[in-house]
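Trainee: just coords:
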């Protein structure tokens, strides 16, 4: 099912080991350039959260606005 809540592991932006997020597709990035660092993954996708290596620029493969953990993640991004 492509509309699903996923648990993201190896979460590097907080004290928790995982967060719950909403994803509504089956697409994923298969390879990252050297300038992007993976900082979160799920059972569905290896690169759920990425960070640019030289600046505090982040990207997500899910919809952070659709869950409480995702909204908290947005707040953390904005506070950096």
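Mentor: That came through, no problem. As the structure is a computational prediction, the values presented were derived from the model and not from experiment.

Trainee: Show the contacting residues for residue 80.
Mentor: Residue 80 sits next to residue 56 when contact means CB atoms under 8 Å, 6 or more residues apart in numbering. In short, each C-beta sits where N, CA and C put it, glycine included.

Trainee: Relative to residue 64, how far out is the closest residue to residue 54 other than its chain neighbours?
Mentor: Sequence neighbours aside, residue 35 is the residue nearest to residue 54 in space, at 7.1 Å (criterion: CB to CB, 6 or more residues apart in numbering). From residue 35 over to residue 64 the distance is 22 Å, taken as CB to CB, to the nearest Å.

Trainee: neighbour count winner among these two?
Mentor: The residue with more neighbours, out of residue 35 and residue 64, is residue 64; 19 against 12, by other CB atoms under 10 Å.

Trainee: which ones are touching that one?
Mentor: Per CB under 8 Å, 6+ apart, neighbours of residue 64: 21, 70-71, 73-74.

Trainee: Just put the residues you listed in JSON lines and tack on secondary structure, pLDDT and distance to residue 31.
Mentor: Formatted as JSON lines, the contacts of residue 64 follow (DSSP: H, G, I helix; E, B strand; the rest coil; pLDDT from 0 to 100; distance: CB to CB, whole Å):
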{"residue": "21", "secondary structure": "strand", "pLDDT": "85", "distance to residue 31": "22"}
{"residue": "70", "secondary structure": "helix", "pLDDT": "86", "distance to residue 31": "25"}
{"residue": "71", "secondary structure": "helix", "pLDDT": "89", "distance to residue 31": "29"}
{"residue": "73", "secondary structure": "helix", "pLDDT": "87", "distance to residue 31": "24"}
{"residue": "74", "secondary structure": "helix", "pLDDT": "89", "distance to residue 31": "26"}
